[in-house]
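*Asks:* This is the structure alone, sequence omitted:
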């Protein structure tokens, strides 16, 4: 993967037809990846192993492991677009499934993640209370 790219977007079908390194299709026709080398977020069954909408951790050590992975490994996010727009008696519907690539080691992306909630999350563990990080990539 080109380290100069900050963010990339491709149709899911194109992604599947030309899988990047770290990915392969298994016998059940699901995409598998090396979880030590890449992060994947998907709420569908396209990927065999992925983070869903929420990442739940059991202890602070597990939290720091996941946080470090999110700050250092390439991240792929499956996105579903469903948009409709009406004009007179006609409704235009746009649908699509996309894979968004986020180069978390790119300086601009690193800065956004560290400035954002994931970078500030270390201060939360001092309270030893349950907390949630919202808009991690927003």
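*Replies:* On my side now, so go ahead. Keep in mind that this is a model prediction, so the values were computed, not measured.

*Asks:* who's in contact with the residue nearest the centre of the chain?
*Replies:* Centroid-nearest residue in the chain, with C-alpha atoms, centre = their mean: residue 77, separated by 3.4 Å. Counting by C-beta atoms under 8 Å, 6 or more residues apart in numbering, residue 77 touches 40-42, 99-100, 102, 137. For glycine as for every other residue, the C-beta is placed from the backbone atoms N, C-alpha and C.

*Asks:* I'd like to know which of those residues are part of strands.
*Replies:* Residues of the contacts of residue 77 located in strands (DSSP state E): 40-41, 99-100, 102.

*Asks:* Can you say which of these are buried?
*Replies:* In terms of neighbour count (16 or more other C-beta atoms under 10 Å), the buried residues within those are 40-41, 99, 102.

*Asks:* Next, format those as JSON lines and append distance to residue 5 and pLDDT.
*Replies:* Below are those laid out as JSON lines (distance: C-beta to C-beta, whole Å; pLDDT from 0 to 100):
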{"residue": "40", "distance to residue 5": "17", "pLDDT": "93"}
{"residue": "41", "distance to residue 5": "18", "pLDDT": "90"}
{"residue": "99", "distance to residue 5": "13", "pLDDT": "93"}
{"residue": "102", "distance to residue 5": "10", "pLDDT": "90"}
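
*Asks:* so can I have a markdown table of those residues showing distance to residue 28?
*Replies:* Formatted as a markdown table, those follow (distance: C-beta to C-beta, whole Å):
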| residue | distance to residue 28 |
| --- | --- |
| 40 | 16 |
| 41 | 20 |
| 99 | 19 |
| 102 | 26 |
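
*Asks:* which among those gets closest to residue 49?
*Replies:* Nearest to residue 49 among these, counting by C-beta to C-beta, is residue 40 at 7.2 Å.
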